[in-house]
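Engineer: Just to be clear, the model below is a prediction. Sequence and coordinates:
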Amino acid sequence: MLNVGKIEEGFVLDHIKAGKSLSLYEHLQLDKLDCTVAIIKNAKSNKLGKKDILKVECDIDMLDLDVLAFIDHNITVNVIKNGEIVAKKDLVLPKQIKNVIKCRNPRCITSIEQELPHIFVLTDEKKELYRCKYCEEKYTETAKSL
């Protein structure tokens, strides 16, 4: 059995879809932080069968919850202080995401004006549908596999 020690202060991302932890690591830019990170892949889960877990020992304010919620709003975020869980944060789909995904429409202004930020707006919460702010190109789930 693998034993990963507990953290004193930081956060634990639980119930990540199996195999997605490295993608999360990159999109949350955890490599740019000077902190301890433990990535646990394919852990047993009663709820999911298999899951990934990320343990990060740093301030919770360094975590971009909008990016995390866009990638998978079913992830559990546990806030740790003094080695104990002090809060669980619920993730909700962000109304707008900026520079997380790129518009694939070749006629979009973002293809021509390279310095423009790529902004997508949540247009249908039930279907989890995002559209480009500039050209209204629909963002498809197949492209979401970050």
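Structural biologist: Looks like it came in fine.

Engineer: quick one: contacts for the nearest residue to I109 once chain neighbours are set aside?
Structural biologist: Nearest residue to I109, sequence neighbours excluded (C-beta to C-beta, 6 or more residues apart in numbering): Y134, at 4.9 Å. Every residue, glycine included, has its C-beta placed from N, CA and C. Taking C-beta atoms under 8 Å, 6 or more residues apart in numbering, we find Y134 in contact with 103, 108-110, 116, 119.

Engineer: if I look at Y134, how far off is N42?
Structural biologist: 39 Å (C-beta to C-beta, to the nearest Å).

Engineer: now do I119
Structural biologist: Taking C-beta to C-beta, one finds I119 at 35 Å from N42.

Engineer: So these two - more neighbours on which side?
Structural biologist: In this view I119 and N42 are compared by other C-beta atoms under 10 Å, and I119 has more residues nearby, 17 against 12.

Engineer: For the more buried one, name its beta-bridge partners.
Structural biologist: K98 (DSSP bridges).

Engineer: same question, I53
Structural biologist: Applying DSSP bridges, one finds that I53 bridges with I40.

Engineer: For S21, see how far away it is.
Structural biologist: Distance, I53 to S21, using C-beta to C-beta: 7 Å.

Engineer: Can you tell me, leaving aside adjacent residues, what's nearest to A18?
Structural biologist: Using C-beta to C-beta, 6+ apart, the closest residue to A18 is K50 (3.9 Å).

Engineer: which secondary structure element contains the one you found?
Structural biologist: Assessed by DSSP states H and E, K50 sits inside strand 49-57.

Engineer: quick one: contacts for T123?
Structural biologist: Applying C-beta under 8 Å, 6+ apart, we find T123 in contact with 129-131.

Engineer: again but with E84, I slipped
Structural biologist: Contacts of E84 by C-beta under 8 Å, 6+ apart: none found.

Engineer: repeat for I40
Structural biologist: Applying C-beta under 8 Å, 6+ apart, the residues contacting I40 are 2, 4, 21, 52-55.

Engineer: just the residues you listed now: which is nearest L65?
Structural biologist: Distance to L65 across the contacts of I40 (C-beta to C-beta) is lowest for L54, with 13.7 Å.

Engineer: Now do the closest one against K127, distance only.
Structural biologist: For L54 relative to K127 (C-beta to C-beta), the value is 27 Å.
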